[in-house]
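> Predicted model and sequence follow; I will ask about them next.
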Amino acid sequence: MEPVGQHLAEHRLSEGKDVFYFPNFITTEEEEYLIRKINDSPQPQWKKLASRRLQIWGGDITAKGNLLPRPFPPFISKYPDVIARIKATGAFENTPHKEPNHVIINEYLPGQGIMPHEDGPQYHPVVATLSLGSHTVFHYYQYRADGDGDPASSGHGKTIDTRPTLSVILEPRSLIISSGAMYTSHLHGIEEATEDIIACTPHFAGIAISNLARLKDPQIKQFIGTGTPLQRGVRYSLTCRDVGRVLHLSRR
Ligand SMILES: O=C(O)CCC(=O)C(=O)O
Ligand SMILES: [Fe+2]
């Protein structure tokens, strides 16, 4: 068997950065099935936020950061076997449970996004995100060293550098894994947009994307090649992480 680390390394997007991109991590049939199961979930499973809705699977996390574990539904752990496939990448080799035990499913309508944020210390610093239904553009950011700048873009009293460190197109069916400093000292976010204009040549005004050469979706490639804006559809993402501290309640 090939060493797992080497396999992961083939998917690295940028030298020295722990960001790994896997196009077509699932098939279109699996994608359709997952979207159907997400939409079939009972209404109370959805949590409504101001700007999007989400489902939490694997259990709730207490205020102290402990997971109250609940088994995954079959559409996450059996068919398709998303958790086992993520484990097989080797990215979770050094996490407490060696595989994700917690999955957040986010739904984004066109025009919705997620503000730059950090995922925080309750998770081991590895995150794998599966995209379904539509592409999006995912940015990594850093805090500014000097502390001045636009106060509107600051969080926790620190100012975020609005120029992304790295930008990635997440194709439908792709998996992206971030770990190390990309988890612990960077933020990530998705702009609220209904379309994305991508730079296909150095002189073309648009977002510079780190995984252009790795894209696989024929339509996305064609649109980028002709400078056509990519219209966002409804996107679902499965954010898979390992919560280190798990509460095992004894049964009476
Ligand atoms: O939807 C995504 O790709 C990102 C979601 C995310 O950052 C999160 O749930 O913490
Ligand atoms: Fe996040």
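Yes, it's here. Ligands and ions are numbered 1, 2, ... in the order given.

> Tell me what the closest residue to ligand 1 within the chain is bridged to.
Per Cβ to the nearest ligand atom, S237 is where the chain lies closest to ligand 1, at 3.4 Å. For every residue, glycine as well, the C-beta is placed using N, CA and C. Beta-bridge partners for S237, by DSSP bridges, are N106, S131.

> and it, what is it in contact with?
Applying Cβ atoms under 8 Å, 6 or more residues apart in numbering to S237 gives the contacts 105-106, 108, 129-132, 170.

> again, but for G111
192-194, 232.

> same question, I224
Shown in contact with I224 (Cβ under 8 Å, 6+ apart): 198, 200, 212, 215, 230.

> now that we have the residues you listed, which one has the most neighbours?
Counting by other Cβ atoms under 10 Å, I198 has the largest number of neighbours within the contacts of I224, with 23 neighbours.

> Show the contacting residues for that one.
By Cβ under 8 Å, 6+ apart, the contact set of I198 is 137, 169, 206-207, 209, 212, 224, 230.

> least trustworthy helix or strand in the chain by mean pLDDT?
Least confident element among the helices and strands of the chain, by mean pLDDT, DSSP states H and E: strand 154-155 (a mean of 49).

> where do the helices sit along the stretch 101-250 of the chain?
The residue ranges that make up the helices of the stretch 101-250 of the chain, judged by DSSP state H, counting those that start in this stretch, are 181-184, 218-225.

> how about the residues of the stretch 101-250 of the chain near ligand 1?
Residues of the stretch 101-250 of the chain found near ligand 1 (Cβ under 6 Å from any ligand atom) are 104, 106, 114, 119, 129, 138, 188, 237, 239.

> Same list (the residues you listed) but as a markdown table, adding pLDDT.
What follows is those, written out as a markdown table (pLDDT from 0 to 100):
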| residue | pLDDT |
| --- | --- |
| I104 | 98 |
| N106 | 98 |
| I114 | 97 |
| D119 | 96 |
| T129 | 98 |
| F138 | 98 |
| H188 | 98 |
| S237 | 98 |
| T239 | 98 |
